[in-house]
Structures are given as structure tokens and as C-alpha cells.
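1. sequence below, structure please.
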Amino acid sequence: MPLGYLSVVLHAHLPYIRHPEHERFLEEEWFYEAITETYIPLIKAFRALVRDGVDFQLTMSLTPTLLSMMADELLQGRYVRHLDRLIELCEKEMVRTRGDERFYTLAKMYHGLFWEARDIFNQYGRNLAGAFREFWEMGKLEIITCGATHGFMPLMQVQPQAVRAQIRVAAKTHERLLGRRPRGIWLPECGYYPGVDEYLKEEGIHFFITDTHAVLFGTPRPKYGVYAPVYCKSGVAAFARDIESSKSVWSAEEGYPGDASYRDFYRDVGFDLDYDYIKPYVNGDGSRINTGVKYYRITGSDAKEPYDPFAAREKAAEHAGNFVFNRAKQIQYLNGLMGQAPVIVSPYDAELYGHWWFEGPQWLEFLFRKIHHDQDIFKTITPLGFLKVNPRNQVITPTLSSWGYKGYSEVWLNASNDWIYRHLHKASERMIEATSQNPSADGAKRRALNQMARELLLAQSSDWAFIMKTGTHTEYAQNRTKDHLSRFERLWQGVSKNSIDTQDLDRIESIDNLFPDMDYRVYS
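-> Okay, the predicted model is just below:
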């Protein structure tokens, strides 16, 4: 038996961004970048591990909004056109840089990566959910869910039906798009409040991921800290983040991604090259954006040096070895202290791997290889797997908490975004009331009620409050909140007055088309 376990959890999430009314839309690029730079590189790493017989266990959330975007034909087609533009840009870059071997080699590398991304995307019928489902069926990957639209549940608890709807729609969407009910959940923004686990239990969810202090400051205090799961009174298990392993990747001062050998995220040809040259591959409206073609490494000084992918790969292997060494020492110490096998829970945003940290998927692949071949102290495991090995755990009540600045919801409730909540609460109140007044609606009224539910869920996305706090794309986040609430209000007026504008309803349904099996009675 191993002395302990490592449970790596990746949270793959994007807000639902789909704008059929525009030929190209800036914020849709977030989805295309994530596919190219994170999801496909992760799939490549998993494939290589399976091919070489490397045993690994990984947990990954695929949020309902992300799954819905993966399955959307409009976005699938637009992503292929996005890749075609990047392939064309790289072909031009190989001509432009032919006189400098350093940059020519990098242009050729990106050309190959974009071609490979298009090939893999097409192999899975343009829906990458199928790729992750394959690894789930192999027993290598546990796919968990999240809130339907990543609604921040601690600030929704005044209306329990709204929280229940986020969870129930999420579980239903997971089953529809992946073929199985979810057995775990990444609570949106790791936001927990006492009692939310009762709604998780209703949907057959066995465990959730939360931040360190949710468990550490629970009642009674956990005997083993965050190195063993705890059960809520509902019987649902909580797994809390280990700070020590997390900071190796997250910390701006101590984390691996800041090493000078790695690729610099911020130097991109979309900003570096002459605008007339780069114009067809950015917005075309005078603004510049990242293309994903980046020629420089971090270097550690203002004078950036060209990126060396071979040196970066060596550094990723070195850092993976360092992580394995540290986890082995940590687990040996904890096992001696606890008298049983600990579990180290290391949760990360998936987009860190590949998008922000270009070498992240390589590091993850090296990590699993080194755990498999170079040591026998610990094994990787999923939270569900750990509960099977260690079914007896302490019962406590975790405390209200989140991750993010200060750890108690401040990112999602502050002077930049507090105005949204009175509107969200009022809309939830009206949704619940309209549901009770129309228990068996049909025809246009049923469609309108279902679309009201979609608009409310979309307005509740925690991403909008987060963006308002960070001050990036603020106008877009504010407009998304206002647009969904405005559409909800128009539909509510039509339902209340039995006078539904079907043309407006058609238009709204075509734009906000996620959750096609929506049943408004989820708010009963």
C-alpha cells in the first residue's frame, strides 16, 4: 500500500459566450484560445500517457457552459475558421522569419501545432467532450460538474430554489452531454455555505471541492486538517485544497510558471508586428489581440530573449521531478504524523495549463510519468477513489468560504459589482413565483418560462462579477448582466400579462440557446 495519495483536480470553465449576431466577436476568442492552448494539449498528454502504459488518475471539471459551447455547431465552425487564420499567419511568418533560424523554427513550431489542433478537433467530430469522455471510460479521468452557469452559491442562498436550480440543471446537462450523472462537483469559485451539500445529495453527488479554510475552520475542527476528506451531515464529502502543493504552481514568487526558461505569455505578434501586416488575424477594427504566436521567453529582464522550446521542456521535467520529490517528503511526514495515508488535494484552473503556462501540459505529463516510474511512496487518485479506499471519515460542518482574495466572497461582492445582486434576487423571486402560478404551461408560455430560466441562470454567472472586480472587459460583463436581466424582464412581463411577443422570443432563443432540455419547473 502507498504511504499516501495525490489528487490533482483541474477546473475547466468558461462563461457561455456565443454571439451569432456578429461574424466575429472578441470574447469568443477566449473559447478558441482555451481549445488550442489548454484542452487539446491536455488531450495530447493523456494520449501519450495511455500509449506508454503510464498509470494515472486525474479529476477534471467540465462545466455545463463549457460543455454546451463544445457541442455548439456555430462555435465549432468558427473555431475551425479561427485555426485556418492562424495557419495562414504562420505560413506568412515562416516566409518573414526565414533569415533568422531562431524565429523561423518557432514559426514552424506554431504552424505544426495549429495543424495538429485542427486534426485532433476533427477526429472527435469537433466536440472535444468526446475525447475527455474516452479517458473517463478508461478509468483514468473522473469528470465532475459545477454550477449550471457557475453561479456563486453563497450569495444565492436567500432563495434556495435558485441554488437547487443551478445544481439540478448542471447534473442534467452533464448526463445529457457525457452520458453519465456526475458524482462530484467543483463548487463555483469554491464557494461553500452550510446546507448547500443537501442539494448536492439530492442529485446523487458524493463529493465537492472547496478551499482550505472551509474545512480547516469547520465545526468541530478536523482531526487531520485538509489531509483527509470530511463528511458533511448530509453524507456528502468535502475535499479541501492543500496550500503547500498549490503554491508551487500558483505563487507568482515561488511558482514554476515564472521561471525564465518558460514562454512569455505577454509578448505576442498580435501586438509586436506592424498593424497592417497583422490586421487580418486580429479584430480588424483597429484593436490588437493575442494570436497565440509568441516568440520570447520570460528571460527575467526587459530585454527578452527568443524562446527555446527544448530548454523549456527540460525545465518542465526538472520542475515535475521537484514536485514529486516534495510531495513524497510531505506524504512521508504526514503519514507518520497521522498514522494513516493522507491525500494531498491539488486543485487548479485548467486554463493555467497551456494558456497561461505554455509548458503546463508537458509538466503534467512529466509529473505522471515520474510518479509512475521514479518512486513508490504515493499514488495518484481521484476523490471518489479515495473514498472507496478510506470510507470512514470525520463528520463536520465546513464553514462559509470561497477562494480568491481573502477567501470570503469579497471578489464577488464589493463596490464594483454589488449592484447586481438586488436585481438577481428579484429575478429569482419572480421566476419562482411565475413557476408556482404556471405549474403546467404549454405552447408559447412554456417556451417563455423556459427561456426566463435560461436568462436567469446566465445572469447569475459569477464570471460577470469577477470581471467587474478585475477591471478587464468590464463593459462586456456589465452588458451581459444587464442584457440577460432585460430579456428576463420582457419575458416575465409577457408571461404575467398573457401577451408574449413570439418574434422577440424566437430571437432570444436563437441567441441564448443552451440547455435545450430546460424545464422551468426546476424552480418549483
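
2. residue 199 and residue 399, how far apart?
-> From residue 199 across to residue 399, the span is 18 Å (C-beta to C-beta, to the nearest Å). (C-beta placed from N, C-alpha, C; glycine too.)

3. what of residue 130?
-> Look at residue 130 and residue 399: by C-beta to C-beta, they are 39 Å apart.

4. what's near enough to touch residue 326?
-> Neighbouring residues of residue 326 by C-beta atoms under 8 Å, 6 or more residues apart in numbering: 244-245, 248.

5. give me the element it is part of.
-> helix 309-338 (DSSP states H and E).

6. do residue 82 as well
-> In the assignment (DSSP H and E), residue 82 maps to helix 73-96.

7. just the buried residues of stretch 246-260, please?
-> Neighbour-count burial for stretch 246-260, counted by 16 or more other C-beta atoms under 10 Å, picks out 246, 248-250, 255-257, 259.

8. possible to save those residues as JSON lines with distance to residue 519 and secondary structure?
-> JSON lines is the format used below for the buried residues of stretch 246-260 (distance: C-beta to C-beta, whole Å; DSSP: H, G, I helix; E, B strand; the rest coil):
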{"residue": "246", "distance to residue 519": "39", "secondary structure": "helix"}
{"residue": "248", "distance to residue 519": "44", "secondary structure": "helix"}
{"residue": "249", "distance to residue 519": "40", "secondary structure": "helix"}
{"residue": "250", "distance to residue 519": "39", "secondary structure": "helix"}
{"residue": "255", "distance to residue 519": "44", "secondary structure": "coil"}
{"residue": "256", "distance to residue 519": "46", "secondary structure": "helix"}
{"residue": "257", "distance to residue 519": "43", "secondary structure": "helix"}
{"residue": "259", "distance to residue 519": "50", "secondary structure": "coil"}
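
9. pLDDT check: weakest of those?
-> Comparing pLDDT over the buried residues of stretch 246-260, the lowest score belongs to residue 250 (82).

10. so how far is residue 357 from that one?
-> Remark: distance between residue 250 and residue 357 (C-beta to C-beta) = 10 Å.

11. likewise residue 145?
-> Applying C-beta to C-beta to residue 145 and residue 357 gives a distance of 25 Å.

12. neighbour count winner among those two?
-> residue 145 (28 against 25; other C-beta atoms under 10 Å).

13. how many neighbours does residue 188 have?
-> So residue 188, with other C-beta under 10 Å, has 28 neighbours.

14. make sure it is actually in contact with residue 153.
-> Yes - the criterion here is C-beta atoms under 8 Å, and residue 188 meets it with residue 153 at 6.5 Å.

15. what do these two both touch?
-> 147, 166.

16. tell me the secondary structure for the residue located most distally from the centre of the chain?
-> Computed with C-alpha atoms, centre = their mean, the residue of the chain farthest from its C-alpha average is residue 99, at 40.6 Å. What DSSP: H, G, I helix; E, B strand; the rest coil gives for residue 99 is coil.

17. residue contacts, it?
-> Per C-beta under 8 Å, 6+ apart, neighbours of residue 99: none.

18. looking at the buried residues of stretch 246-260, spot the one nearest residue 278.
-> residue 257 (26.3 Å; C-beta to C-beta).

19. flag every buried residue along stretch 375-389.
-> Buried-residue list, stretch 375-389, by 16+ other C-beta under 10 Å: 377-387.

20. now the two most distant members of those.
-> The widest separation within the buried residues of stretch 375-389 (C-beta to C-beta) is 22.2 Å, between 377 and 384.

21. so where's the longest strand in the chain?
-> strand 4-12 (DSSP state E).

22. for residue 92, see how far away residue 204 is.
-> Distance of residue 204 to residue 92, computed by C-beta to C-beta: 52 Å.

23. and the two? Which one has more around it.
-> Neighbours per residue, other C-beta under 10 Å: of residue 204 and residue 92, the larger number sits with residue 92, 15 against 11.

24. which ones are touching the more buried one?
-> Applying C-beta under 8 Å, 6+ apart, the residues contacting residue 92 are residue 277.

25. repeat that with 7 Å
-> Not one residue lies near residue 92 by C-beta atoms under 7 Å, 6 or more residues apart in numbering.

26. any figure for the gap between it and residue 280?
-> According to C-beta to C-beta, residue 92 stands 9 Å off from residue 280.

27. quick one: the strands in the protein?
-> Remark: strands assigned in the chain by DSSP E are 4-12, 58-62, 141-144, 184-186, 207-210, 230-231, 237-240, 343-349, 378-380.

28. of the ones you listed, which is nearest residue 473?
-> Among the strands of the chain, strand 343-349 comes nearest to residue 473, with 17.1 Å by C-beta to C-beta.

29. returning to what we had before: and the residue farthest from the centre of the chain, its phi and psi?
-> phi -80, psi -10 (degrees, to the nearest 10).

30. how much space between it and residue 107?
-> Taking C-beta to C-beta, one finds residue 99 at 12 Å from residue 107.

31. same check, this time on residue 139
-> Look at residue 139 and residue 107: by C-beta to C-beta, they are 40 Å apart.

32. now residue 51
-> From residue 51 to residue 107 the distance is 28 Å (C-beta to C-beta).

33. also residue 8?
-> Distance, residue 8 to residue 107, by C-beta to C-beta: 33 Å.

34. cool, and residue 168?
-> Note on residue 168: its distance to residue 107, by C-beta to C-beta, is 49 Å.

35. what's the answer for residue 340, then?
-> Counting by C-beta to C-beta, the gap from residue 340 to residue 107 is 53 Å.

36. shaky segments in the stretch 101-250 of the chain?
-> Applying pLDDT under 70 to the stretch 101-250 of the chain flags no residue at all.
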